[in-house]
Each structure stands twice: as C-alpha cells, then as structure tokens.
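> Next one to model:
(2 chains)
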Protein chains: 2
Amino acid sequence: MKTVEEQMEVIRRGAVEILVEAELVEKLRQSISSGVPLKIKAGFDPTAPDLHLGHTVLIQKLKQFQDLGHEVCFLIGDFTGMIGDPTGKNETRKPLTMDEVLQNAETYKEQVFKILDPDKTKVVFNSAWMGQMTAADLIGLASRYTVARMLERDDFHKRFTGQQPIAIHEFLYPLVQGYDSVALQADVELGGTDQKFNLLVGRELQKQEGQKPQCVLTMPLLEGLDGVNKMSKSLGNYIGITEPPKEIFGKVMSISDELMLRYYELLSDIDLAALQKVRDGVAGHVGGTHPMESKKALARELVARFYDEGQARRAEEDFVHQFKQKEIPDDIPRVNIKAGHPVWICRLLTEAGLTASNGEARRLVLQGAVRLSGEKVSDADLEVAACGEVVLQAGKRRFARVVFD
Amino acid sequence: MKTVEEQMEVIRRGAVEILVEAELVEKLRQSISSGVPLKIKAGFDPTAPDLHLGHTVLIQKLKQFQDLGHEVCFLIGDFTGMIGDPTGKNETRKPLTMDEVLQNAETYKEQVFKILDPDKTKVVFNSAWMGQMTAADLIGLASRYTVARMLERDDFHKRFTGQQPIAIHEFLYPLVQGYDSVALQADVELGGTDQKFNLLVGRELQKQEGQKPQCVLTMPLLEGLDGVNKMSKSLGNYIGITEPPKEIFGKVMSISDELMLRYYELLSDIDLAALQKVRDGVAGHVGGTHPMESKKALARELVARFYDEGQARRAEEDFVHQFKQKEIPDDIPRVNIKAGHPVWICRLLTEAGLTASNGEARRLVLQGAVRLSGEKVSDADLEVAACGEVVLQAGKRRFARVVFD
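So this is what the prediction gives:
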C-alpha cells in the first residue's frame, strides 16, 4: 500500500480543490493503520448514459482511488430522475420509469467499466433510501438549510438576481444529494467544480448527523476540442466514448499541444514521471517526448481504453496514411485576394495562378485532381466563401495559400 | 333557504376581503339550485387549544356559514404540528405526540362547540392525507411554486430583506396548507388577514389539480382590550373563553364604545338590523340603543355563549354591584405631584390632603378603607409608582386624583 503522501500525490493530480486537505490526510492515515478503505462517492444523473470524455474525468479519478485500494460507490441518482422536472418545463428532465432507469444503468455500467474495475465498484441507486422517505422526513431535511444559504449557490444566485424563476423543489435536490452522503457514510465525494456547493451540503448534513464529514474533491470541467468551451454534446466539441476508433484517434490528433497536456493530466493513466516528459516535450526541453509522438500515444491510449490495443494500432495506421495523403508542403506561395462574395472554384484556381484558364481548372476538378484545404473538390460549380484562408492544390505539386483580405 | 344576496350580506359582515366575490356568488347560486351545501374550510394549529375571543372571530364566521346551511370543515393541522419546528429553535413549536394532538383536539372541540353545532361540523386532521405523502410527492408539490413568489409573502419578505434566516421547510408549509384544500375539495377557506397568502396558495393548487378554486375570505385580526394591538396572550389584552363569567363580563365592560362596535360586528349573533341600532346609539342618533346598555348586552351574550344565561345574569348583577361600590365621583380634587421615585402609599395620602398624617393614613389602610384607582390597598408599606395618574380614596367620601408630572 502506498504512503499517505504518495496517495495524496495521485489524488491531487488534476484536482481543482480538496476540502479539507488536512482532513483527507487524516482519513488516509487512519485507513492505512486500520486497513479499512475509504468510501469514495460520485453521483451520476441517470438520464444521460451516453458518455463523452468530459464525463470520464471524474471516473478516471475514481479509478485512481480504486487503484489506491479504496472503495468506489458509483451512485445513480435515480430518485430525482424518476421525479424528473415536475414543472414539465424542462424537456430533458422528463420523469423516467424504473425500466428506463435500469436500462440506463446498464448502459452506464457498460461504459464506465471500461475504466473502473467492476469487481471493486459498488453501484448504488439513491431510490433505495430516498424512495422510503416520507414527506415529513423531507420537511425535517429541508429545515437544515436556509433560503439565503441556498441562494448563495452560483446558478441560483444568478437566476434569482436575474429574475429567472427557481421552483422550490430545486432547493430540495441539493439536500437530497447531500443526504445520499449521509446514507452512504461517504468519506470523500467527487464532483465537477460546478458541484462544489452540493458536495458541501453533504458535508454539513453528515456533521449534523454526527458523522465525520466527507472530504470534497472537485475536478475541472474538461475543455472540448476547441480548447475553450466545456466539452458538451450541444457544442459539438466532444469525443464520445462510443465513437468509432478512427474518430476518437482523429479528434485527439486535432487538438492543440496545450489541450493535449490537459487531457494527459485528466484522462491518461501514465504516471507523473511520464507526464513530466510530455510537458517537457511541449516546452521544447531536452529529454522531453516529441509533441506529435505524445499526441499519438494519448490517442492510442484512449482508443485502447474504449476498444483494445489492436484497434488502437489500426486507428493510428489509418491516421498516418490519410495524413500523408493530405500533406501540404510548408513553403507554398501565398496569394492575396480581396474578401467579399463567394468565388467560383475554377476562377479561384486561375486567379491563384494554379491553372492557365477556368477551362483547365474545370477539367482538373472533374478529374478529381483539385483539393481545397486538403479536401477533394468534386463539384466544378463550387462557390468558395471569400474569407479567411484556404490552401488550394491542383494535381500533386501545385499549391497556393489564398488569403482573403 | 336564504337567497344568494341574503347569504352574501351575512357573509360580508366583518370580512376584510372576499376573493373572488363573483365566484362566491356563483358557487352560492349553484349550491341553492343543486341543494348541495358548500364546503367551508378553516385550519387551526393544534398547539394552542386555549382560545380567546380573537380566535373566535373565524369560528363565528364558520357558524354563520353553518347557519346558512353549508358544511363546515374544522381542520386541525396536526401533520405540521407533529413535525414541529425541526430547527429546534422555536420553543413554541416542539413536535407534538399523537396523544397530545388528540388531547388538544378534544380541548378544541369542547371550546369551539360552544359556538359551532357539533352535528354539522366535520373535524378533520391533515395527517390523514399528509401522513401518507412520500418525499417524492412533496417534491412534486414544491415544484408548483417559485422561490420568488414565496418571498412575496409579507413576513418572508421582511425576514429575507432583513437578513433574518428562513429555513427551507418554512417554504413547504404554505404548500401543505394549500394541499389540504385540494384534499378536502374546499369551496371556501376562511382565515385571518395574515393568512391571505397561504389561502391563495390553496386556490392555485386546486386550479392546477383541475378543481374549482376555493374562494378566500379573510377576517380581521381582533383588537385586544386596548383597542390598538392584536388580541394576544402575550400582550395580556385578551379575553379567554374559559375565563370566569365575572372576568369576561368585566373585561367587556372595560372596552371603549368604538371597540364595542367592532366586537359586536365580529363576535355577536345579533342581526344586522340590531347591529345598526347599536351603531346609532354610539353615534348619538335618535332611536339608537344606549351604549352602556349595548355593552352590557354584549357582555351578557358572550358569557351566555361560553357558559349559560343564568351565569350571564349573575355576572351582570355582580358587575353592577361592584361598580356602584367602586364608583368614583366626577368632580374630585386634582393634585399634582412630581413624577420620580415610587412614593409610600401613606405619604401619598397625606400629600394629597386625604389624611392629616402618615399615621392616620396607615390606620386607614389597615382598616381596609383605602383604594388606589378602585382597588383596595391592603399593604401599608406599598410603594406607588410615581408616574401617570391614580385615583386615591380614603373612606367613603374622600377622593383625590393624583397626577404625577
């Protein structure tokens, strides 16, 4: 078993905040001396079993705790899921039936067990205790928190001051989540930074119940492929863990070096020493791994996690092959063209000096010998948006970088 | 059966607000044509079964509905009473046991059946339906109202803006009260003006359940003996309905003519024509009843209500006898004495010129011949507070009005 400090090093990796770190150290010390693992809780919404890498940040941290020998409780919040959004205003929170919950839970397990060890993971449903709770009990629970304190939660505060309605039951959900920690006697609860308030509610309810309050560990919200916005389905900047190997590989290869470091820290299994080499490579230090190699290794690791080693290797080979085909030389002539209305592809080729006439251009397009920023052009009537920058290619060797300004 | 307009005249008596009057008229019309009485709901807290006249304002209005042929639901809010104030901060809201609730209910019935007809009164406990409610149901109920709207309630608003804590469960209680109207399918709910918000919650919940919304009738909070503050135990300005006949009679006789009119309107069974005569008397109009006679009649009516006619008569005789004994002439000498530290009763008598010496004063006190503002003084060492105004009496004939300034 690792020492307290070794464990803390693993636990701190990528974490935004640990509250209270001294308490966690003490819990780890006691766990080592008693041989009793800590109970690590993380709650998941049963409505969205289709995970992307953003969701796996937490699961990855759970795995680290699991590898350190602790007990992971994967909590499915089916109680509130089966209530849904009783206002009926929120389409995405329609009440689920018990069947749907169980089905979603199966999908969840299938996906998370690609990361977690099923034998060491306790999957629990909060309907087990919340379903038994009476209205009177819930009133007792609601008495433990004030309206003013609930309004301190960032999103509530914003909605309240912005005069957006908050239904009263929304004040009850953080209490339910907090009560889950009481029911589980959790030692640590993980969540995204947006969950911090709710995690702290659990801490307080445990104190009031005479339990040792859980430590709270928040993980960052993973940035999407754009490196700026939170990874999300609706923004389209995500990598779904059930996407085909080729897609996962290609998407990872498309991210910036900076974002790659972030993904390494939050998603990779490589240890802290190897992580340092990746960092050194990006920083251009001697002894670092070349960024392109690091990126390929990360893409392989992720595909292998959700598929297997063989598929990871094939995805890499496909990628390399495709990349070579599309390769664009570094030193191609630059042509400035006035930005404005879309330009006909053939005229553009001629204006850029790649063809002698629009007629030649048309023939080349129809032969499949023209590429626009790496993509083959098949429509000889294509109108090209006259803004930004494109790379034109005619035949194997003729290139031009067209800058619209 | 009375016509709609006749009923409305009775119903409007003393009421502060009827929401919505046109709907109530329609309900009465339908009740007359179908022969189905309206369900009239009023809720009572099971913690305070020791009623004073202030509480009976509502019960009097219930009786009027009962006399009009409608069905009265006397609802005892034992569900919340058995929860009490879960914060434990409120001493007066300790959770009640089922036994205490039943005992209080008995005391309640004993007291209110002095006004209401027990055969025509349905006594119900809201634990009957609220006790069955699950936490999930309560969350559904809580989703029907927003935080902002709940904060419109006067007392919540004041506490919130004054940064006084509001526990979240307090937001649930108006919803529980409102749900009681749904469970009872109430046609009308009565309450004090301070209950208006809660009564309207019931109206809305019924609408959401597809029921015809109840009409809401608010009654004023009865002023206490001082004619200014709300009648309440803690202010000491109340008439308890279990007080001895003599006390009730005497307290009624002590109120101002203005307040008497108010009590007549809200507490008396006399009809509107007789009420007009009382008003005329106070206004000094020809044909009105003399205010002193009206006051005695009201005192008799109230004692008879809570005891019987015989006791009412005896209370009146006692009062008249005592009043004559204590009678203070109108034209007594006035003495000004400097306000300040308390003054020894004997010195006060001498300074006021009623006795020649403190020794004589002491002898008179010990003989029981001294009165201070009508009350016999038995303690010769009494210190009299030197502020305001008192009437001193030594023997049958010697009086002085002492003004401390």
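
> Could you check how many residues crowd around A:Lys277?
14 (other C-beta atoms under 10 Å in any protein chain shown). Heads up, the C-betas are built off the backbone N, CA and C, glycines and all.

> again, but for A:Val390
So A:Val390, with other C-beta under 10 Å, has 19 neighbours.

> what residues are up against the residue nearest the centre of chain A?
With the centre of chain A defined as its mean C-alpha position, the nearest residue by C-alpha atoms, centre = their mean is A:Gly54, 1.1 Å away. Counting by C-beta atoms under 8 Å, 6 or more residues apart in numbering or on different chains, A:Gly54 touches A:Leu221, A:Leu222, A:Gly224, A:Lys230, A:Met231, A:Ser232, A:Tyr238.

> show me where pLDDT drops low in the stretch 51-200 of chain A?
Counting by pLDDT under 70, the stretch 51-200 of chain A shows low-confidence ranges at A:85-93.

> mind listing the strands for it?
Using DSSP state E, counting those that start in this stretch, the strands of the stretch 51-200 of chain A run over residues A:71-76, A:121-125, A:188-192.

> quick one on the thing from earlier: is it possible to export the contacts of A:Gly54 to TSV including secondary structure and distance to chain B?
Shown next, in TSV, are these (DSSP: H, G, I helix; E, B strand; the rest coil; distance: C-beta to the nearest C-beta, whole Å):
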residue	secondary structure	distance to chain B
A:Leu221	coil	26
A:Leu222	coil	31
A:Gly224	coil	32
A:Lys230	strand	26
A:Met231	coil	30
A:Ser232	coil	26
A:Tyr238	coil	31
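
> Ok, which of the strands of the stretch 51-200 of chain A comes nearest chain B?
For chain B, the closest of the strands of the stretch 51-200 of chain A is strand A:121-125, at 13.8 Å, according to C-beta to the nearest C-beta.

> neighbouring strands for that closest one, and are they parallel or not?
Paired strands of strand A:121-125, with direction, are strand A:71-76 (parallel) (DSSP bridges).

> on that earlier part again, from the contacts of A:Gly54, keep the buried residues only.
Neighbour-count burial (16 or more other C-beta atoms under 10 Å in any protein chain shown) applied to the contacts of A:Gly54 gives A:Leu221, A:Leu222, A:Gly224, A:Met231, A:Tyr238.

> out of these, who's nearest B:Gly178?
Nearest to B:Gly178 out of the buried ones among the contacts of A:Gly54 is A:Leu221 (C-beta to C-beta; 39.3 Å).

> what about A:Gly368, which SS state?
coil (DSSP: H, G, I helix; E, B strand; the rest coil).

> Look up how far B:Ala273 lies from it.
From A:Gly368 over to B:Ala273 the distance is 105 Å, taken as C-beta to C-beta, to the nearest Å.

> These two - which one has more neighbours?
Per other C-beta under 10 Å, whichever of A:Gly368 and B:Ala273 has more neighbours is A:Gly368, with 10 against 7.

> Quick check: chain neighbours aside, which residue is closest to that one?
Nearest non-adjacent residue to A:Gly368, counting by C-beta to C-beta, 6 or more residues apart in numbering or on different chains: A:Lys376, 6.1 Å away.

> Check what pLDDT the one you found gets.
Note for A:Lys376: predicted pLDDT of 85.

> So which residues on the stretch 151-300 of chain A come close to chain B?
A:Leu151, A:Phe160, A:Gln163, A:Pro165, A:Ile166, A:Ala167, A:Ile168, A:His169, A:Phe171, A:Leu172, A:Leu175 (C-beta under 8 Å from any C-beta of the partner chain).

> quick check, nearest of those to A:Thr350?
A:Gln163 (58.7 Å).

> Going by residue numbers, what spans are helices in the stretch 101-250 of chain A?
Along the stretch 101-250 of chain A, counting by DSSP state H, counting those that start in this stretch, helices occupy A:127-130, A:135-142, A:147-150, A:154-161, A:173-184, A:196-208, A:245-253.

> same check, this time on the stretch 251-400 of chain A
So, for the stretch 251-400 of chain A - with DSSP H, counting those that start in this stretch - the helices run A:257-267, A:272-283, A:291-306, A:309-325, A:345-351, A:358-366.

> quick one, which of those helices is packed in tightest?
helix A:345-351 (a mean of 22; mean count of other C-beta atoms under 10 Å in any protein chain shown).

> thinking again about what came up before, any idea which of the helices of the stretch 251-400 of chain A gets closest to A:Val182?
helix A:257-267 (29.4 Å).

> ok, and what's touching that closest one?
A:13-14, A:53, A:56-57, A:60, A:219-220, A:222-223, A:225, A:227, A:252, A:255, A:270, A:275, A:278-279, A:282, A:291, A:294-295, A:298, A:302.

> Contact partners for A:Gly288?
With C-beta under 8 Å, 6+ apart, A:Gly288 has these contacts: A:Lys277, A:Val278, A:Arg279, A:Asp280, A:Gly281, A:Val282.

> what about the residue nearest to A:Leu96 when sequence neighbours are not counted, neighbour count?
In this structure, A:Leu96 finds its nearest non-sequential neighbour in A:Gly81, 4.9 Å apart by C-beta to C-beta, 6+ apart. By other C-beta under 10 Å, the residues close to A:Gly81 number 23.

> ok, A:Gly81 to A:Thr121 distance?
Going from A:Gly81 to A:Thr121 by C-beta to C-beta gives 20 Å.

> what's the answer for A:Phe197, then?
Per C-beta to C-beta, A:Phe197 is found 26 Å from A:Thr121.

> returning to what we had before: quick one: closest of the helices of the stretch 101-250 of chain A to B:Ala183.
Closest among the helices of the stretch 101-250 of chain A, once you apply C-beta to C-beta, is helix A:135-142, at 12.8 Å.

> secondary structure class for A:Ile18?
Three-state assignment for A:Ile18 (three-state DSSP): strand.

> Setting aside sequence neighbours, what's the nearest residue to it?
A:Leu217 (5.2 Å).

> my read: the one you found touches A:Leu58, true?
No - counting by C-beta atoms under 8 Å, A:Leu217 sits too far from A:Leu58 to count as a contact (9.5 Å).

> shared neighbours of those two, anything?
Common neighbours of A:Leu217 and A:Leu58 (C-beta under 8 Å, 6+ apart) are A:Leu190, A:Gly191.

> Who has more neighbours out of the two?
Using other C-beta under 10 Å as the criterion, A:Leu217 and A:Leu58 rank with A:Leu217 on top: 25 against 22.

> So for the more buried one, what's the pLDDT?
For A:Leu217, the predicted pLDDT is 98.

> Quick one: residues contacting it.
A:Ile11, A:Ala15, A:Glu17, A:Ile18, A:Leu19, A:Leu24, A:Lys61, A:Val188, A:Glu189, A:Leu190, A:Gly191.

> re the thing from before, B:Gly287: which of the residues of the stretch 151-300 of chain A next to chain B is nearest?
Nearest member of those to B:Gly287, counting by C-beta to C-beta, is A:Ile168, at 57.0 Å.

> List the contacts of that closest one.
Going by C-beta under 8 Å, 6+ apart, A:Ile168 touches B:Ala142, B:Ser143, B:Arg144, B:Tyr145, B:Thr146, B:Val147, B:Met150, B:Phe171, B:Leu172, B:Leu175.

> Try it again at 6 Å.
By C-beta atoms under 6 Å, 6 or more residues apart in numbering or on different chains, A:Ile168 lies in contact with B:Ala142, B:Tyr145, B:Val147, B:Phe171.

> contacting residues for the first one?
Shown here is B:Ala142, whose contacts under the criterion C-beta under 6 Å, 6+ apart are A:Ile168, A:His169, A:Leu172.

> Now the weakest link among the helices of the stretch 251-400 of chain A, please, by mean pLDDT.
Among those, helix A:309-325 scores lowest, at a mean of 86.

> Next, the angle from it to helix A:291-306.
140 degrees (axes from the mean of the first three to the mean of the last three C-alpha atoms, to 10 degrees).

> Report the inter-axis angle for helix A:309-325 versus helix A:245-253.
Using the same axes, to 10 degrees: helix A:309-325 against helix A:245-253 is 60 degrees.

> Which residues does helix A:309-325 contact?
A:Pro245, A:Lys246, A:Phe249, A:Arg300, A:Val303, A:Ala304.
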